[in-house]
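Novice: fold the following, please.
(4 chains)
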2 protein chains.
Amino acid sequence: MTGQEVGPLRFQIDFSQPLYEQILDQVRSAIAKGEIGLGDKMPSVRELAQELRMNPNTVMRAYQELERDGLTEKRRGQGTYVTSSPERVKQFRTALAAQYIEAFMAQMESLGLTWDDIEQYVNHKSAADKGGADQ
Amino acid sequence: MTGQEVGPLRFQIDFSQPLYEQILDQVRSAIAKGEIGLGDKMPSVRELAQELRMNPNTVMRAYQELERDGLTEKRRGQGTYVTSSPERVKQFRTALAAQYIEAFMAQMESLGLTWDDIEQYVNHKSAADKGGADQ
DNA sequence: ATACGTGTATTATATCACTTAATACACTTA
DNA sequence: TAAGTGTATTAAGTGATATAATACACGTAT
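Specialist: Residues are numbered from 1 along each chain as shown, chains lettered A, B, ... in the order given. Now for the predicted structure:
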């Protein structure tokens, strides 16, 4: 909770994904990891658009989703600010993590792999081959 | 390894994803889980297209990717057959699992969550809240 | 040889998501 | 008043996806 302006955000933009989605993901990450302080002022839509050489509309789309996430708040005529509520951030992170995990588990299930198989893979980078489909 | 024709495949198609990708994922899954026997004959492009009420070109796109995966083989004038090699299937499953896992780990990292956090979530559906970003 | 069923290639068209562009408006602060 | 906010609108272009209508080469069965 610094209340300062957000530092110079280092964005890594490519063409593998929609641009607005990359902004969204990277700002989400920066907030979740505390790289952006709570209450900080985000760069303005036009400012960020110019820095990233994008259209302001594209940046705005990302900003609107951030507000839907509850991670930012708009103040008319003033700008966009990161939420001051650590609970909001926690809550958001938990919800998104749950979503990622569910999707991941579904992928694993579709390959006939169990949680034990996954743990084996993670613990020592070798055979995720063991369960299911032994023909 | 039955060598039979593949049974009536139950496809679940919606509009949340490209159609060819849904076919691809579901056939991959069916092979990985052994629901489709090795060496089985796949339905023809036109046949499946009619059953799913899609354009043959769309089905063909999925079939072409399946062959790139090494999961199917084409026999000219005859049809498309599931590979007879269990090693191929194993290899494919391992590779795809690794890809899924890497992507998932990156997602978790972007939220500042560790592997321990994930295990906690999976073991008992509760707080993935603990590590990182405690502001 | 003929007919049929394979996979494949081609060309054209349509739709949709994404992005850019150029404005204009309402609000806040200096 | 002037400058900087977020926002809305309209128009246009691009690329991925999907459909449609053909046509071709190959293998098998008749």
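Novice: quick one: low-confidence ranges for chain A?
Specialist: Chain A contains residues with pLDDT under 70 at A:1-3, A:125-135.
Novice: thought residue A:81 was touching residue A:43?
Specialist: No - counting by Cβ atoms under 8 Å, residue A:81 stays clear of residue A:43, with 11.3 Å between them. Quick note: C-beta positions are derived from backbone N, CA and C, even for glycine.
Novice: higher neighbour count, the two?
Specialist: residue A:43 (20 against 17; other Cβ atoms under 10 Å in any protein chain shown).
Novice: secondary structure class of whichever residue of chain A sits closest to DNA strand D, three-state.
Specialist: Of all residues in chain A, the one sitting closest to DNA strand D is residue A:77 (2.9 Å; Cβ to the nearest atom of the strand). Three-state assignment for residue A:77 (DSSP: H, G, I helix; E, B strand; the rest coil): coil.
Novice: can you list contacts of the helix or strand hosting residue A:98?
Specialist: Per DSSP states H and E: residue A:98 is located in helix A:86-110. Helix A:86-110 has contacts (Cβ atoms under 8 Å, 6 or more residues apart in numbering or on different chains) with A:28, A:31-32, A:38, A:69-71, A:83, A:114-115, A:117-118, B:25, B:28-29, B:32-33, B:97, B:100, B:104, B:107-108, B:111-113, B:117-118, B:121-122, B:127-129, B:133-135.
Novice: buried only: go through those for me.
Specialist: A:28, A:31-32, A:38, A:69, A:71, A:83, A:117-118, B:28-29, B:32-33, B:97, B:100, B:104, B:107-108, B:111-113, B:117-118, B:121, B:128-129, B:133 (16 or more other Cβ atoms under 10 Å in any protein chain shown).
Novice: sort out for me which of these are in helices.
Specialist: A:28, A:31-32, A:117-118, B:28-29, B:32, B:97, B:100, B:104, B:107-108, B:117-118, B:121 (DSSP state H).
Novice: ok but residue A:81 is inside a strand, no?
Specialist: Yes - counting by three-state DSSP, residue A:81 is part of a strand.
Novice: what are the bridge partners for it, then?
Specialist: residue A:41, residue A:73 (DSSP bridges).
Novice: about what we covered before: from the ones in helices among the buried ones among the contacts of helix A:86-110, which is closest to residue B:65?
Specialist: Nearest to residue B:65, judged by Cβ to Cβ, of these is residue B:28 at 9.1 Å.
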